[in-house]
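Student: here is my input; please provide its structure:
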Amino acid sequence: QVQLVESGGGLVQAGASLRLSCATSRSTFSIYAMGWFRQAPGKEREFVAASSWSGRTTKYADSVKGRFTISRDAVKNTLYLQMNTLKPEDTAVYYCAADRVINSEYAPLNGYDHWGQGTQVTVSS
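Tutor: Okay, here's the model as predicted:
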């Protein structure tokens, strides 16, 4: 069973930074592509960033490119999302997701099979 546990959300002012974490097991971390998604009130869940399980391939939504960085720590079996220069429009529940893939360089934008419980990020203006 794949378990994903997010943490690191909170309330910050515009322009601040936050780092989200997603902890999982070693068996999941080593062979699953992983990503971050978010859902704002009244909106559909949207893709934010993805990382191949090798960590060498990353993808970002245009809205966060240059401000957010996705990374993996193989020792801690943890996925991170470093969010800088936060904007009020970044306010959402952020979800970690995992997808079993064969290609170590594949970083999918959708079709994830496993999801965490979400962590709230609120950015005030």
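Student: chain neighbours aside, what residue packs nearest to Gly9?
Tutor: Counting by CB to CB, 6 or more residues apart in numbering, Thr119 is the residue found nearest to Gly9 once chain neighbours are left out, at 3.4 Å. Quick note: C-beta positions are derived from backbone N, CA and C, even for glycine.
Student: could you give the number of residues near that neighbour?
Tutor: Neighbour count of Thr119, defined by other CB atoms under 10 Å: 22.
Student: if I look at it, how far off is Thr57?
Tutor: 24 Å (CB to CB, to the nearest Å).
Student: likewise Ile31?
Tutor: 15 Å.
Student: repeat that for Gly116.
Tutor: Applying CB to CB, the value for Gly116 to Thr57 is 21 Å.
Student: the more surrounded of the two?
Tutor: Using other CB under 10 Å, the more surrounded residue of Gly116 and Thr57 is Gly116, with 22 against 15.
Student: give me the element the residue nearest to the spatial centre of the chain is part of.
Tutor: Residue closest to the average C-alpha location in the chain (CA atoms, centre = their mean): Trp36, at 2.4 Å. Trp36 is part of strand 32-39 when elements are defined by DSSP states H and E.
Student: likewise for Tyr95?
Tutor: In the assignment (DSSP H and E), Tyr95 maps to strand 92-100.
Student: that strand: which residues count as buried?
Tutor: By neighbour count on 16 or more other CB atoms under 10 Å, the buried set for strand 92-100 is 92-99.
Student: repeat for stretch 110-125
Tutor: Judged by neighbour count (16+ other CB under 10 Å), stretch 110-125 contains these buried residues: 112, 114, 116, 118-119, 121, 123.
Student: now, those that are in strands?
Tutor: The strands, defined by DSSP state E, take in 114, 119, 121, 123 from the buried residues of stretch 110-125.
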